[in-house]
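A.B. asks: Give me coordinates for this.
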Amino acid sequence: MLALANPFARWWVGVWYLAGGSGVEQFGILWVTAQQRDVPAKLLARVTSLDYLVSLALMPVGYALAGPAADAFGPKAVLQVGTGVLVASTLAVLPVPVVTRFATPCPWAARAAVRRADPVERR
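C.D. replies: You can find the predicted model right below:
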C-alpha cells in the first residue's frame, strides 16, 4: 500500500506487490498446514468455513469506508494509515512464541493425532 501512496514507477510497485504476495502465500501455506494438523478431521470443514467467514466478512466494510475516507483525508493518507495498521498488527503478534516457532510436533504426537482422526481402529 505504501508503494501506491508515493509516486514510484509502475515496475517498482509491481516488485512490492510481488514481495507482498509471496509473503501472503507463505502465511497461507503455514495456516492451512496448521489447521490440517491441529484440527480433528471431523471438524476441519466447519473450522475452515468459519475461518474464511470471519476473515472475509469485514472486507465489504473496508471497501465501503475506503472511498469516503479517501475523499475526506486524501488517498495518500488513507494508504499510509492502512500501511501503519498492517505493520503494527504484524509486529504485535511477533512476540507470541507459537507464532515464531511454528514447527511439526515430535513424531509420537503426530502419530497420536492420526490415531485420534482415524475413525477405524487398527489392530
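
A.B. asks: Averaged over its residues, which helix or strand of this protein has the lowest pLDDT?
C.D. replies: helix 107-117 (a mean of 58; mean pLDDT, DSSP states H and E).

A.B. asks: most residues in a single helix of the chain, which one?
C.D. replies: helix 10-38 (DSSP state H).

A.B. asks: ok now it, how far from the chain's centre?
C.D. replies: 8 Å (Cα atoms, centre = their mean, to the nearest Å).

A.B. asks: so after it, what's the next helix or strand?
C.D. replies: Next along the chain after helix 10-38, taking DSSP states H and E as the criterion, comes helix 44-57.

A.B. asks: Show me what that following helix is packed up against.
C.D. replies: helix 10-38 (3 or more Cβ pairs under 8 Å, 6 or more residues apart in numbering; DSSP states H and E). Glycine gets a C-beta too; all of them are placed from N, C-alpha and C.

A.B. asks: what's the angle from the helix it packs on to helix 44-57?
C.D. replies: 150 degrees (axes from the mean of the first three to the mean of the last three Cα atoms, to 10 degrees).

A.B. asks: Return the set of buried residues in helix 10-38.
C.D. replies: Buried residues in helix 10-38, counting neighbours by 16 or more other Cβ atoms under 10 Å, are absent.

A.B. asks: List the buried residues of stretch 80-93.
C.D. replies: 80, 82.

A.B. asks: Begin at 40 from now on, thanks
C.D. replies: With the count now opening at 40, the last piece we talked about shows up as stretch 119-132.

A.B. asks: Return the distance of that stretch from the chain's centre.
C.D. replies: 13 Å.

A.B. asks: Stretch 114-122 now?
C.D. replies: The answer for stretch 114-122 is 20 Å, by Cα atoms, centre = their mean.
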